[in-house]
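>>> Show me the folded form of this:
(2 chains)
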2 protein chains.
Amino acid sequence: MEIISGGVTAPKGYKATGIYAGIKKKKKDMALVYSVVPAKAAGTFTTNLVKAAPVLWDKKIVEEYGAAQAIVINSGVANACTGALGVENNQKMAAAMAEQLGLKAEEVLTASTGVIGAQLPIEAIKEGCKLLKEGLGESAESAGLAAEAIMTTDTFAKQYALTFELDDKQITIGGMSKGSGMIHPNMATMIGVITTDLAISKELLLEAIREDVKDSFNMISVDRDTSTNDSLFLLANGMAGNKEITQKNEAYAVFKKALNQVTTELAKMMASDGEGATKLFECSVKGAATKEQAVILSKSIITSNLVKTAVFGNDANWGRILCAMGYAGVPFNPDKVDLYIESAIGSLKLVENGMATDYSEEKATEILKQKEVKAIADIKNGDCIATAWGCDLTDKYVYINADYRS
Amino acid sequence: MEIISGGVTAPKGYKATGIYAGIKKKKKDMALVYSVVPAKAAGTFTTNLVKAAPVLWDKKIVEEYGAAQAIVINSGVANACTGALGVENNQKMAAAMAEQLGLKAEEVLTASTGVIGAQLPIEAIKEGCKLLKEGLGESAESAGLAAEAIMTTDTFAKQYALTFELDDKQITIGGMSKGSGMIHPNMATMIGVITTDLAISKELLLEAIREDVKDSFNMISVDRDTSTNDSLFLLANGMAGNKEITQKNEAYAVFKKALNQVTTELAKMMASDGEGATKLFECSVKGAATKEQAVILSKSIITSNLVKTAVFGNDANWGRILCAMGYAGVPFNPDKVDLYIESAIGSLKLVENGMATDYSEEKATEILKQKEVKAIADIKNGDCIATAWGCDLTDKYVYINADYRS
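Down below sits the predicted model:
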């Protein structure tokens, strides 16, 4: 498996671009990802009861057809809580993009991200669809423009691509995602697009992405707020020329592994770019009786405001980690817990059997000062493990969200 | 029912004080509440699996004896995650206080609040017990010293007292509480002490407090972090001379109502004094099919970091409120929701049937600029209602918690 530069245009037969349509102030606000041939399409979407108009549209397409040829995305306005007019505007956005590309509206997936409650400026969107068609390109730069155009409070564009061999064919997977606030994915993340030239049945494509998000996007959290717009798309256009994967054979396993590398790396980029964050905070819980218990405990730790502020302050206040585990609702024996922290400069055991070791506070602070820090809790109750990714909670998070709309 | 000044010494037969024992730096750090006669004692405690040593001690006393005559409390060190030595130290604290007061250790309840993981400085504690005995007084000032000594990051001491007539006898209830961070009570709050001179059976006293916290302390949250030390105590020494309440009669109902006023007011003081908070944020959800659903929805709103930062920024970003309701896991129809905001200067309907009204953003900001703001969501799905109290999330919360231990 080889990591390559680029994003959604890395696999064969994909084009993309990002443009400024006038929805946001002066920043790119529309993106298009296009497959030159029809592609199998899978997706997972927010579990929030309040679902944005594009989510309703996409769920139908993914579940009824399992195929699409384009994804059009706008940032600036989320088209959520917008009633019948929002649904109508979303349909118009799909239709306008389809017209430009010579497709049917149902072959175009849609996504919106930004302020909840505002209506899409539909004339600007229609104009934007024209510019998107004109701007389409298959270079890495084109993929970069798309990744940039879906950003809201993100501070960098998130892309990842890798390639591997299967049946003597070169298979490539590329992806982009956005998300910085209102990030606590449940079934999918804010917006993510993964493209591949693999040939695979639509059933297995959907199963692959549904399984995958449990270990990747669903394991990150910035602020425990599950968005109204979470959408993750996976397109597979078959242009790599491999024998179509229709069973859970070895080829499927290879694809799953490659897919997981792409999704996990994108998820980690999102967590590290959490609103106002200064560092990526990874937490593994091992020795759990079940995977589910490890998931609940690790997510409880990375979502605790008190743990997150301590990480910001480079303070090894491990009591808050045990506290967050204790209220997670999972049975374990606090008196058996070992706890370690770790980063590029070293590792330190803070807690043994539920009590502090005589660790050096200075060394702990040095470890926590790095850009990527890890906590590992061993509850010695079984063989299961889970890893979750979050970020620190900073004064900047507060400033960003106190006046997001102004 | 008449509100009176003072706190835990307001009812007949209670003394209290607060002193500096050297646990914290220069601030009062030990408090004592004492009944001159044995009192019925009830309590509710944290549901966190990680329970501090004093919580284990108190649960046993409350459940096995239902009686006590004193409560000794220290701040600065939480005596949580301290293993067998912590349990031993807690027992020593109870024994030292008992010796001073001429009681058995089992007649003394204990509570600790502060840093998790550190051991109690037991010699300083013993010395403190002497000073507490010497300082005992029954004035409002003495109650104030106790309320001050249990503070950690609190910015003001929290006390409340009221009096009412029952069977021609004057009954008084007084209370104090502390709590500013790690506040998301589940069965009780960080530390609260309620005293009354009412005569009541220990069974009904326990039932009264267990029922009461569901609507008072369990409905507040500062940061969604349920503490390891939450303890709420209720002492009733019978000195008002009323006929002992042994049944759920009208007298019991009167007491429950009075108790709820004390606990709710203390709970609101805690929410308004949340770490770094600039305002109290109250949220009512009405029109719910069940009380439980209204509770879940209202707590989901007041605990959302995104809602809390918007409240800090005086930004009527109502989409975040609907978003927080949507991921709460309760069924309702987003297209039927009405949403209002309210404060001392007026009220405004922001959302009707799930969509924005054409409200004035200027007026919304003016309403949100007040010290106490309310949001009311009507989901039009039934007759049940619940109210929760929280606070805004500010840069100061981050600063307080980034370097809490230094």
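
>>> make it CA atoms for all contacts and neighbour counts henceforth
Will do.

>>> and A:Ile194, helix, strand or coil?
Using DSSP: H, G, I helix; E, B strand; the rest coil, the secondary structure recorded for A:Ile194 is strand.

>>> That one: how many residues sit nearby?
A:Ile194 has 28 neighbours, counted by other C-alpha atoms under 10 Å in any protein chain shown.

>>> go on, A:Lys25?
A:Lys25, neighbours per other C-alpha under 10 Å, totals 10.

>>> Pull the distance from the lengthiest strand in chain A to the chain's centre.
Criterion DSSP state E: the longest strand present in chain A is strand A:30-45. Centroid separation for strand A:30-45 versus its chain: 16 Å, with C-alpha atoms, centre = their mean, to the nearest Å.

>>> Let me see the domain layout of chain A.
A:2-272, A:280-402 (automatic domain parsing).

>>> Show me which residues of the stretch 51-200 of chain A sit near chain B.
The stretch 51-200 of chain A comes close to chain B at residues A:Cys81, A:Thr82, A:Gly83, A:Val115, A:Ile116, A:Gly117, A:Met182, as judged by C-alpha under 8 Å from any C-alpha of the partner chain.

>>> Excluding residues flanking it in the chain, which one is nearest the first one?
When you say that, I think you mean A:Cys81. Setting aside the residues directly before and after it, A:Cys81 is nearest to A:Gly117 in space (C-alpha to C-alpha, 6 or more residues apart in numbering or on different chains), at 5.0 Å.

>>> State the pLDDT value of A:Met1.
pLDDT, the model's per-residue confidence, is 87 for A:Met1.

>>> Ok, A:Ser177 next?
According to the model, A:Ser177 carries a pLDDT of 88.

>>> contacting residues for it?
With contact set as C-alpha atoms under 8 Å, 6 or more residues apart in numbering or on different chains, A:Ser177 has these partners: A:Ala147, A:Ile150, A:Ala157, A:Lys158, A:Gln159, A:Met190, A:Ile191, A:Gly192, A:Val193, A:Leu266, A:Met270.

>>> Is it possible to get a markdown table of those that adds pLDDT, secondary structure and distance to A:Ile23?
Listed next are those as a markdown table, based on pLDDT from 0 to 100; DSSP: H, G, I helix; E, B strand; the rest coil; distance: C-alpha to C-alpha, whole Å:
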| residue | pLDDT | secondary structure | distance to A:Ile23 |
| --- | --- | --- | --- |
| A:Ala147 | 95 | helix | 17 |
| A:Ile150 | 93 | coil | 12 |
| A:Ala157 | 92 | coil | 19 |
| A:Lys158 | 90 | strand | 21 |
| A:Gln159 | 93 | strand | 23 |
| A:Met190 | 64 | coil | 19 |
| A:Ile191 | 83 | strand | 18 |
| A:Gly192 | 82 | strand | 20 |
| A:Val193 | 88 | strand | 21 |
| A:Leu266 | 89 | helix | 26 |
| A:Met270 | 85 | helix | 23 |
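
>>> Out of those residues, flag the one nearest to chain B.
Minimum separation from chain B among the contacts of A:Ser177 (C-alpha to the nearest C-alpha) is found for A:Met190, which lies at 13.2 Å.

>>> picking up where we left off before, just the buried members of the residues of the stretch 51-200 of chain A next to chain B?
A:Cys81, A:Thr82, A:Gly83, A:Val115, A:Ile116, A:Gly117, A:Met182 (16 or more other C-alpha atoms under 10 Å in any protein chain shown).

>>> The closest residue in space to the third one that isn't next to it in sequence bridge partners, please.
Using C-alpha to C-alpha, 6+ apart and skipping the chain neighbours, the partner closest in space to A:Gly83 is B:Met355 (6.5 Å). Applying DSSP bridges to B:Met355 yields these beta-bridge partners: B:Glu352.

>>> List the contacts of B:Met355.
Residues counted as contacts of B:Met355 (C-alpha under 8 Å, 6+ apart) are A:Cys81, A:Thr82, A:Gly83, A:Gly117, B:Asp335.
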